[in-house]
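*Asks:* Output the structure for:
(chains A and B)
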2 protein chains.
Amino acid sequence: MSTELPASEYDARLEAIRDRVAEAEGDADAGVWFGATAIEYLTGFDHVQTERPVVLAVTDGTVAITVPRLEVERAETVPHIDRVDHYVDYPGGAPIETAASMLSDLGVEAVLADADGAPGVMGYQGPPLSEFVEVETQSWVDRMRWAKSDPEVALVRESARWANLGHRYLAEYTEVGAHPATVSQRASTEASRAMLDTLGDRFVERVRGDGPVHAGYISAEETALPHGHTPNQRLREGDVIVTGASANVDGYFSELERTMFVGEPTDEQVHYFELMLEAQTIAIEALGPGVEIASVDRAVADYFDEQGVSDLAQHHVGHNIGMAGHEPPYIDRGWSEHCESEHTNYDPEDAAMEPGHIYTIEPGLYTKDEGYRHSDTIAITDDGIEWLTYFPRDLESNVIR
Amino acid sequence: MSTELPASEYDARLEAIRDRVAEAEGDADAGVWFGATAIEYLTGFDHVQTERPVVLAVTDGTVAITVPRLEVERAETVPHIDRVDHYVDYPGGAPIETAASMLSDLGVEAVLADADGAPGVMGYQGPPLSEFVEVETQSWVDRMRWAKSDPEVALVRESARWANLGHRYLAEYTEVGAHPATVSQRASTEASRAMLDTLGDRFVERVRGDGPVHAGYISAEETALPHGHTPNQRLREGDVIVTGASANVDGYFSELERTMFVGEPTDEQVHYFELMLEAQTIAIEALGPGVEIASVDRAVADYFDEQGVSDLAQHHVGHNIGMAGHEPPYIDRGWSEHCESEHTNYDPEDAAMEPGHIYTIEPGLYTKDEGYRHSDTIAITDDGIEWLTYFPRDLESNVIR
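*Replies:* This next block holds a predicted model:
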């Protein structure tokens, strides 16, 4: 059981950043980040990205951060942050000027930053950082996040356990006449409670006014849309359900989705379910270190083509998952060309799977009336793969009788 | 009861945009948007912003949109969208090239866009739109969203009703020994179910695997942090609770927060509660059309100063709310200067409250151990204000015995 990222992870990440700054051309003397996920990745300081800028600076000797007043106490408890400066609030407290003054105090004159100023979230507007120091941009952390370390994989593995429990409750509470929203919320509540009580002091608090597990589904006609909504309509005999379950484990997530049936499926439903299941199996069997990422999407596309259902596919096979719900690389037939495009900062080597990548595998088929999609979360290892999600995939296990 | 925005709203918004394009200097022949909220505001088409770009173009005669394959069916049902183009998926389907081809087909050569390409969400990278057409940027919709129309205010009013029910359930389920996450999730479940069953066919589906109402809280030491987390610790006699409740009504939100006590509060708790309550009253009494927004934050700061508790305040008085949880303008003492700054696209006239603005009023006090904050959602009207949230604010109503 692993529920918290060890301190050594942050040491390694910060060291990698310091090496990058030292090796970079030019005379930058700090790395700077405005993005909440990157700041969390480097230090463990998590906050909600709002209109209030947060600015992290990593110099050779110091990890310093500028935060709004309301984040001071939390930032000060983070072991990997050496210095916390703050402004009162946005915009009156002059956030960027405060960060510039922190940089100046650290002797920083040129930075490699993830952006030239804070992101335009929730209406933020303000000066570029380059008004105060020399700025070149980098996206080191985005790329560092691709291959997860063993402790990161362990958090996603733990997330998949609680997703599995949430999913079991979904199956348990599903019956004709039940409301899909209520089943979803009840499963989330019970699985969250079990996670909280099982982990006790080892649980890392990350959510506000809610539980750490979310399990839920869309049903009936809404499943025809890959991003459908939960309908305000009670379950009926014959409904298809497309589920989703995950748990927040120290900021890391897994993804578990199943296609289920309320009562006996029709022959047509079984037909599409089995095609979807076989497509998922084909994709999973194609995974592994060194495999061209795009080839997995092509393998599924070829299968759908053979079966004459290409027009029922609406999206590629999957994406990476970790701190964000969707992360690159994407299992998309255009991925290899994307890596070579002048419009990305990727290299041709980025076209292949590597140990530590964690993929969702979720090819889907969508008729006019219903959708069929499983999603599993699978890690690439040194010599193969590891299934992190494990709810049964077969038809029998997914029929609610 | 109003649960859905009338079609006439979108007509008016699109007409306003067409006027702006016609009046703009230069020879732009379309407005273009990549931002999900702006696209929803203009057309009613809602989607989750992911790495898959969605591109809306409004020309004199046509409202056209480029979407990934998985959004085609939903986009086609939107009455205000005349034309739907699509790419297979990102990145292989070449989203920006697809949008450029749509623009070319519409005879568009120059656009006024909310950005020169899709936002870098979930790892998106791709070409700028200016590689294909002439692009100048605008942020019209962000500014249009400040003053809500009567139908928009009605949706926020309806949201506040369901937030109130969720909050009542929070109070009902709270007792010594209860788990704050479970109380939160149970209140959200029950209030969601009541909303779904009350509204029936009038409910507009907007969420996935979840209910439309969220009510929850943080408790005990976590309340000392304005953005604290729900602790994994059962409620004890004497705990302070800071709540939050809202409901999604056709994509619009309200905000209701209360400071509550589990059992009899101490004299010190009563003291800070009453100071916070008076600060909120001062702020609310200062609201109205034509009022300098910053003056409301200054009034509260002056009061805290008089009472010798300035060092316990950690943030400004509030923000606007509507389609997003936080929206400008902010009730911040620096707002007037912000409007005059060269780093915003605001004008000095933007410094005053106007009918249709909807403010959260939430001054807070935070000791080393506990926090105290109510939040109410209040609309500015032609001649005063309207309280949209209405859960009792007084001490007696917020002590759980």
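
*Asks:* if we look at the helix or strand encompassing residue A:386, which residues are touching it?
*Replies:* Using DSSP states H and E, residue A:386 sits in strand A:385-387. With CB atoms under 8 Å, 6 or more residues apart in numbering or on different chains as the test, strand A:385-387 has contacts from A:153, A:157, A:284, A:287-288, A:376, A:378-379. C-beta here means a position set from N, CA and C on the backbone, and glycine is covered the same way.

*Asks:* Which among these count as buried?
*Replies:* A:153, A:157, A:284, A:287, A:376, A:378-379 (16 or more other CB atoms under 10 Å in any protein chain shown).

*Asks:* Give me the domain ranges for chain A.
*Replies:* If you go by automatic domain parsing, the domain ranges for chain A are A:7-144, A:150-400.

*Asks:* quick one on the thing from earlier: would you check which pair of the contacts of strand A:385-387 lies furthest apart?
*Replies:* Within the contacts of strand A:385-387, two members stand farthest from each other by CB to CB: A:157 and A:288, at 18.6 Å.

*Asks:* Can you list the buried residues in stretch A:17-37?
*Replies:* Per 16+ other CB under 10 Å, stretch A:17-37 contains these buried residues: A:17-18, A:20-21, A:28-37.

*Asks:* One more: stretch A:147-160?
*Replies:* Those would be A:147-148, A:151-160, for stretch A:147-160 by 16+ other CB under 10 Å.

*Asks:* Mind putting these into TSV with distance to chain B, pLDDT and secondary structure?
*Replies:* Shown next, in TSV, are the buried residues of stretch A:147-160 (distance: CB to the nearest CB, whole Å; pLDDT from 0 to 100; DSSP: H, G, I helix; E, B strand; the rest coil):
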residue	distance to chain B	pLDDT	secondary structure
A:147	14	98	coil
A:148	15	98	coil
A:151	21	97	helix
A:152	17	98	helix
A:153	19	98	helix
A:154	20	98	helix
A:155	17	98	helix
A:156	17	98	helix
A:157	20	98	helix
A:158	15	98	helix
A:159	16	98	helix
A:160	17	98	helix
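
*Asks:* close to chain B, is stretch A:110-126?
*Replies:* Yes: judged by CB under 8 Å from any CB of the partner chain, stretch A:110-126 comes into contact with chain B through A:122-123, A:125-126.

*Asks:* Out of the residues you listed, list just those in strands.
*Replies:* Judged by DSSP state E, strands contain none of these.

*Asks:* Just give me the closest of the residues you listed to residue B:258.
*Replies:* Using CB to CB, the residues of stretch A:110-126 next to chain B come closest to residue B:258 at residue A:122, 23.2 Å.

*Asks:* does the closest one really touch residue A:48, like I thought?
*Replies:* No: counting by CB atoms under 8 Å, residue A:48 is not a contact partner of residue A:122; they are 9.9 Å apart.

*Asks:* Can you pull out the low-pLDDT segments for the stretch 1-150 of chain A?
*Replies:* A:1 (pLDDT under 70).

*Asks:* can you tell me the residue of it closest to chain B?
*Replies:* residue A:92 (2.3 Å; CB to the nearest CB).

*Asks:* In space, what's closest to that residue - neighbours in sequence excluded?
*Replies:* residue B:334 (2.3 Å; CB to CB, 6 or more residues apart in numbering or on different chains).

*Asks:* I'd like to know how many residues surround that neighbour.
*Replies:* By the criterion of other CB atoms under 10 Å in any protein chain shown, residue B:334 has 20 neighbours.

*Asks:* That one and residue B:298: what is the separation?
*Replies:* The gap separating residue B:334 from residue B:298 is 10 Å, by CB to CB, to the nearest Å.

*Asks:* likewise residue A:283?
*Replies:* 60 Å.

*Asks:* With neighbour numbers in mind, choose between these two.
*Replies:* residue A:283 (23 against 17).

*Asks:* doesn't residue A:296 make contact with the more buried one?
*Replies:* Yes: Residue A:283 is in contact with residue A:296 according to CB under 8 Å; the separation is 5.3 Å.

*Asks:* list residues touching both of the two?
*Replies:* A:317, A:331.

*Asks:* tell me the contacts of the residue nearest to residue A:317 when sequence neighbours are not counted?
*Replies:* Spatially, and ignoring its direct neighbours in sequence, residue A:317 is nearest to residue A:331 (4.1 Å; CB to CB, 6+ apart). Contact analysis of residue A:331 by CB under 8 Å, 6+ apart lists A:283, A:293-294, A:296-297, A:316-319, A:359, A:361.

*Asks:* can you list the buried residues of stretch A:147-160 in TSV and add distance to residue A:234?
*Replies:* TSV is the format used below for the buried residues of stretch A:147-160 (distance: CB to CB, whole Å):
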residue	distance to residue A:234
A:147	45
A:148	41
A:151	44
A:152	41
A:153	40
A:154	40
A:155	37
A:156	34
A:157	36
A:158	34
A:159	30
A:160	30
